[in-house]
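> Just the structure for this:
(chains A, B and C)
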Amino acid sequence: MRDFEYEAPASIAEAVRMLAGQNGAARPLAGGTDLIDQIRVGRHQPEVVVDLKKIPELNVLELSSAGLRLGAAVPAFEIYGHEGVAQAYAALVDSARIIGGIQIQSRASIGGNLCNSGPAADSTPSLIALGAVAVIVGPAGKREVAVEEFCTGPGKNVLKPGEFLLELKFPPRPPHSGSSYQRFIPRNEMDIAVVGVGASVVLDERGIKFVSARIGLGAVGPTPYFAAEASQLLAGQPVNEAMIEKAAAATRAIAKPIDDMRGTKEFRMHVTGVLARRVLEQAIARARQ
Amino acid sequence: MSTVEHGKAVEGPNGNGKPYKVIGTRPIRHDGVDKVTGRAKYGADVRLTGSLAGVVLRSPHAHANIRSIDVSAALALPGVRGVVIHKDLCDPGNRMLELGEGAVNLRHLSNNVLAADKVLYRGHAVAAVAADTVHIAEQAAELIKVDYEVLPAVVDVEAAMLPTAPLLHVDLLTDELGQTATKPSNIAKHFRFESGDIEKGFSAAKLVIEREFRTATVHQGYIEPQNATAHWNADGHITVWTSTQGSFTVRQQVAELVGVPVSRVKVIPMEIGGGFGGKIRVYLEPVAAILSKRTGKPVKVLMNRSEVFEGTGPTPGSYILVKLGVDAGGKIIAAQAYMAYEAGGYPGSPIGAGAMCIFACYEIPNGRIDGYDVVVNKPQTSAYRAPGATNAAFAMETVVDEICDQLKIDPLEFRLNNAAREGTRRVDGPVFPRVGMIESVEAIKNSEHWQTPLTGKNQGRGVASGFWFNCGLKSAASATVNADGTVSLVEGSTDIGGSRTGIAMQLAEALGIAAEDVMPTVGDTDSVGYTDVTGGSRVTFATGYAAYEAARDIQRQLVERAARIWEVDPKQVAYEQGSIVGPGGKKFTFKELAALVNKTGEPIIGRGAVDPEGCGGAFATHVVDVEVDPDTGKVQVLRYTASQDVGTAIHPSYVEGQIQGGVVQGIGWGLNEEYFYDAAGTMKNATFLDYRMPTCYDLPLIDPILVEVPNPGHPYGVRGVGEVPIVPPPAALANAIAHAVGVRMKQLPMSPPRVLREILAKKK
Amino acid sequence: MAKKRVVSTTINGRQVEFLCEPRQTLLEVLRDTLELTGTKEGCSNGNCGACTVLMNGRPVVSCLVLAVETEGAALETIEGVAPVEGLDLIQQAFLENAALQCGICTPGFIMSTKALLAENPDPSEHDVRFYLSGNLCRCTGYDKIVRAVLDSARKKKLAAAAK
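Okay, the predicted model is just below:
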């Protein structure tokens, strides 16, 4: 492995200073499950690795009436271990449970999954569906970016040199809401998503009409997508198979997949529709519970 | 009268239903505690004072000429102690060397270890560096400048056979049915096996089905990467510590490639983390040796996972055409196969074995098999569990199933009706002795699994059979009687799956002592007699046989010793059930006499050295239930039962384990495993993330049925069991998928995109 | 080259200080510096689980942990599993159930099993298979491993009841 320095700042200000001082040659480290392998194979060649896990603000996991605050370094297992979060933000928990194996989940964070900005990241479609906002901190202070705007290309995102992700903020969950994430993989675990779809729905009191919906999509383009049209067309509509099919078709329409060793283009197109239907059905079932 | 028990049974069954005391029981393996506490030493665990780390530089191109290699910048890096390239090896000449599970051309082997003037696949080793740390060695390897002339690559067997294909070797002239061709091509060899008259056979058939099949390159997938540590001593003696399936074959390969006599090389086999055929040929051992010679220090070289995928032998991708003709009753009349296997960069695919296996489960009155060995720009293939047979069975057993479906014949009845049996002549000539094909089918027929109907939607059941030869080869063992009534056994078979216990149990059985009273050790090449590889399903058979012979030798000596002590004629003494019995009720237990051995004369050391014939082939029949997701093409294995003629199961747990492990490798091969190449010949999935071997979450329990048809060629009836379990699974899965969703898969792996494509095409 | 750091940890209950470069993984330091070679290297990118150790009670793949990150951490490796005399019940169950062939994946499976049973003392076959899916075995087909883990849970319950 290439040589690098290691720093572990205890405060945000210190971390900003260290990252900004390196002119882009520093990489932030949270769980390390992507970064360490990427350094090993030479995809990143940082001069300094800045371990952010000692900063208290990055370890916040707080559920309140204002919603959910998820520090960027909170490991996946803490999320599904938190009963309230598991109840309210089911799609997030669906994702957290299937990122790598148990060993990976001991270290990997949702924030890291987002910042790694892989098109097939398992949590990003859930974050999009749940309306999460990325809180970014840097030399110029804090700023917020909707998760669907965060990734700009494979491995690329809106973070500028010196900036890092502080936390993810999720709006509170209204009553009669439900969410779900599913991915397609050839095995039953330990694979990268060939297609991943997250959905969140809010139903009316009787559970027969969509109040609103959000669908996020992964592994079918250079970045994860927010399926805006598919989401909007459900608002105010009755919950039935035809509507779900319509939304699934609209979700499929924005997929722009490629052929690679994980799946063919035609396969990904088809499965996008299948999963969109399945996650909507599961989100609806959860909303009705 | 002096009697030495010969294979015959000792009274005193212990509830295992056999006339044995030890055989058929399930003792804790002798190396078990070391392996569950982390104390067992594998190749990568070797620590030598002052040793250096070696790193291999590999070709980024699938096909290129090497114009020059400049190592000066690497040598200039502080901490670098030496760099080697091909010319630092010795030219072993254009000769063949038998490795035990396939032969190798030594010049090709040498070029595969470090490329001379041409790289033939991405990952082909080009140079190696030794440095103070592995990090420095890695950095130095990047500083080596190789000037490549990149050539077009061909990574597919059918494309490689075209006359327009890029040529890997300009001097490769096809051996065309024994004649040497005049123009070079990528086809190293074309051979034919023939019996009867297939034209006549096919014209008499009621139903003829002809299908084409394609299978992808797959890897053995052992969890422990290749490793080697070598020290070239100042006195010219070389010691090699490595994880290998055969310490003696490593000794010979290293000696040939570095140009010293075999006696100058001592190979110390470390514990080995899986092999499945992939750890027989050498990769790193000669490199570590010449790096050590260059630097004067021990050098340790380890592969990482991507190097294992890109640089070590996978098993071939293949193209197979099968044509089968049957009469109205479903009796096979004629069978024909055209089989082309990828050899990798140099000739030597397991096409011969594949061709001999393809029809071996059946009586074939009229048959013809054409086999082609074809070079492609992929890593040199090496053995993988029943090499060549799985590809062949996928094709044949799928066609058999289609015939059964069309004629509405029960697939097990079809097999019973056509099964190879004692006296059946294979298309390639040999006649079977007593074999267990019929028994393996009957065991499935009688199984609870087969008799429980499937009811779920999109579920299907498939069966398939398979054959593998097994082999005997040479083994040696020696055993010393200890004063406390135990025996120390030294044998030469590196232990991949608990074999030292299976061997020790045979010695214990013969002496009438407990398995725990035998202390087995796997010896190095200076401390045990010549022993062939751990492969060919031969170890429990042949090395067990050697241990049995060593026990008989001990029996003879104990009889003589007792006679000496009792002052009677040895002819009046016999060895019976773990005791030495003389006239007038004189008797020593083994323990009693063992305690007297060193007080009454010379030590007692038994020796066994064998080269047994009669290993006996192995047959297996499997049944699998699957559920297919019709929306995604994903196949879930619901239930799996594998029956196999195992001869006598020495340690049933480890026999079951061989079957379960082989089945799961076959499931991986069938469903998801493949080398995925881009147009330039780069493997895109050289990690365990994207080379998808099954995890435990993908599988059900695997139920083995051990059918015990004792092998007459072994004193305890042992038959090799390790390889045949991998043969039927892909075909069984394909047949199950066909019955679940009505699509016939003819390409491996049967990955979700492929299955879905067939499902959607059928709907149209 | 980056300066070596002094890292203070507890490994298998013992205070251990070691020197390492920032680029060295925990796996490399365990094996090469501390000679705890029971932790195995199978893939170096977190996909096989052979290098699983417990870090502050959680299973991690030590190939994806920098050694410097373990400052102040409590680590447990396969070498620390057995009691002073005899074996842990998990190790015993692996032997009795013949849950290993080559044995290279065994330390990782035992560490993951230890973590599983600490979290869930009464797992179903499904729980076991899900939890252990990050550990690859190529020899056994997993059948006997799954049985050994279920047997470990039974043995632990019996032992607890006997106390």
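> residues in contact with the residue in the stretch 1-150 of chain A positioned nearest to chain C?
In the stretch 1-150 of chain A, the residue that lies nearest chain C is A:G101 (2.0 Å; Cβ to the nearest Cβ). The C-beta positions use only the backbone N, C-alpha and C, and glycine is treated the same way. Counting by Cβ atoms under 8 Å, 6 or more residues apart in numbering or on different chains, A:G101 makes contact with A:E189, A:M190, C:G49, C:S133, C:G134, C:N135.
> 6 Å instead, please
A:M190, C:S133, C:G134 (Cβ atoms under 6 Å, 6 or more residues apart in numbering or on different chains).
> Chain B next: which of these are close?
For chain B, the contacts drawn from these by Cβ under 6 Å from any Cβ of the partner chain are A:M190, C:S133.
> Surely C:E79 forms part of a strand?
No - assigned with DSSP: H, G, I helix; E, B strand; the rest coil, C:E79 falls outside any strand and is helix.
> gap between it and C:E71?
According to Cβ to Cβ, to the nearest Å, C:E79 and C:E71 sit 21 Å apart.
> Neighbour count for the two, which is higher?
More crowded of C:E79 and C:E71, by other Cβ atoms under 10 Å in any protein chain shown: C:E79, with 20 against 14.
> and that one, what pLDDT?
C:E79 is assigned 98 on the pLDDT scale.
> OK, contacts around it?
Counting by Cβ under 6 Å, 6+ apart, C:E79 has contacts B:G38, C:N12, C:L36, C:G38.
> Quick check, the second one in contact with C:G80.
Yes - the criterion here is Cβ atoms under 6 Å, and C:N12 meets it with C:G80 at 2.8 Å.
> How about the contacts made by A:A129?
A:A91, A:S179, A:G198, A:A199, A:S200, A:R214, A:G216.
> Looking at those, which is nearest chain C?
For these, the nearest to chain C is A:A91 (18.9 Å; Cβ to the nearest Cβ).
> Give me the nearest residue to the residue of chain C found nearest chain B, chain neighbours excluded.
Proximity of chain C to chain B (Cβ to the nearest Cβ) peaks at C:G38, 1.8 Å away. Computed as Cβ to Cβ, 6 or more residues apart in numbering or on different chains, the closest residue to C:G38 that is not its neighbour in sequence is B:G38, at 1.8 Å.
> Same question for B:P60.
B:R122 (6.4 Å).
> do the same with A:A248
Using Cβ to Cβ, 6+ apart, the closest residue to A:A248 is A:A276 (3.9 Å).
> For that neighbour, give its distance to A:G263.
For A:A276, the distance to A:G263 - Cβ to Cβ - is 16 Å.
> and what of A:V60?
In terms of Cβ to Cβ, A:V60 sits 37 Å off from A:G263.
> Over to B:V664?
B:V664 is 23 Å from A:G263, where distance means Cβ to Cβ.
> Look up how far A:M190 lies from the residue most central in space within chain A.
Taking Cα atoms, centre = their mean, the centroid of chain A lies closest to A:T124, which sits 2.1 Å from it. Distance, A:T124 to A:M190, by Cβ to Cβ: 19 Å.
> for B:R744, same thing?
30 Å.
> okay, now B:G82: neighbour count?
24.
> Which secondary structure element is home to it?
Assignment of secondary structure by DSSP states H and E places B:G82 within strand B:80-85.
> where exactly do the strands run in the stretch 1-150 of chain A?
Applying DSSP state E, counting those that start in this stretch to the stretch 1-150 of chain A gives strands spanning A:5-7, A:26-29, A:48-51, A:61-64, A:67-71, A:133-138, A:141-146.
> returning to what we had before: as JSON lines, the contacts of A:A129 with neighbour count, secondary structure and distance to chain B would be great.
Converted to JSON lines, the contacts of A:A129 look like this (neighbours: other Cβ atoms under 10 Å in any protein chain shown; DSSP: H, G, I helix; E, B strand; the rest coil; distance: Cβ to the nearest Cβ, whole Å):
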{"residue": "A:A91", "neighbour count": "29", "secondary structure": "helix", "distance to chain B": "20"}
{"residue": "A:S179", "neighbour count": "28", "secondary structure": "strand", "distance to chain B": "21"}
{"residue": "A:G198", "neighbour count": "33", "secondary structure": "strand", "distance to chain B": "18"}
{"residue": "A:A199", "neighbour count": "38", "secondary structure": "strand", "distance to chain B": "17"}
{"residue": "A:S200", "neighbour count": "30", "secondary structure": "strand", "distance to chain B": "22"}
{"residue": "A:R214", "neighbour count": "25", "secondary structure": "strand", "distance to chain B": "23"}
{"residue": "A:G216", "neighbour count": "31", "secondary structure": "strand", "distance to chain B": "19"}
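> export these to CSV and tack on pLDDT?
Formatted as CSV, the contacts of A:A129 follow (pLDDT from 0 to 100):
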residue, pLDDT
A:A91, 98
A:S179, 98
A:G198, 98
A:A199, 98
A:S200, 98
A:R214, 98
A:G216, 98
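> Looks to me like B:S382 is in a helix.
No - looking at B:S382 with three-state DSSP, it is coil, so not inside a helix.
> Contacts made by the biggest helix by length in chain C with the rest, please.
Ordering each helix of chain C by length in residues (DSSP state H) puts helix C:143-162 first. Contacting residues not belonging to helix C:143-162 are listed as B:660, B:701-702, C:89-90, C:93-94, C:97-99, C:109, C:113, C:117, C:128 [Cβ under 6 Å, 6+ apart].
> And the residues you listed, which two are furthest apart?
B:I702 and C:L89 (24.8 Å; Cβ to Cβ).
> Have a look at those two and say which one is more surrounded.
B:I702 (28 against 19).
> per-residue pLDDT, that one?
Here, the pLDDT recorded for B:I702 equals 98.
> Residues in a beta bridge with it, which ones?
Beta-bridge partners for B:I702, by DSSP bridges, are B:Y640.
> Please look at it and B:V663 and confirm they touch.
Yes - B:I702 is within contact range of B:V663, at 5.1 Å (criterion: Cβ under 6 Å).
> Identify the contacts common to the two.
Joint contacts of B:I702 and B:V663 (Cβ under 6 Å, 6+ apart) are C:G141.
> Point out the residues in chain C that sit beside chain B.
C:37-38, C:42-45, C:47-48, C:50, C:78-79, C:82, C:91, C:94-95, C:98, C:100-107, C:129-130, C:132-133, C:138-143.
> So which elements touch the longest helix that chain A contains?
Criterion DSSP H: the longest helix present in chain A is helix A:265-288. Helix A:265-288 sits against strand A:177-184, strand A:195-203, helix A:241-253, with contacts defined as 3 or more Cβ pairs under 6 Å, 6 or more residues apart in numbering or on different chains; DSSP states H and E.
> Return the shortest one as PDB; C-alpha atoms alone will do.
The one in question is strand A:177-184. Extracted C-alpha coordinates of strand A:177-184, given in PDB (Å, rounded to 0.1, in the frame of the first residue of the first chain):
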ATOM      1  CA  SER A 177     -46.100   6.600   6.000                       C
ATOM      2  CA  GLY A 178     -44.000   3.700   5.000                       C
ATOM      3  CA  SER A 179     -40.700   3.100   3.200                       C
ATOM      4  CA  SER A 180     -38.700   0.300   1.700                       C
ATOM      5  CA  TYR A 181     -35.500  -0.500  -0.100                       C
ATOM      6  CA  GLN A 182     -34.700  -3.500  -2.200                       C
ATOM      7  CA  ARG A 183     -31.900  -4.300  -4.500                       C
ATOM      8  CA  PHE A 184     -31.300  -7.000  -7.000                       C
END
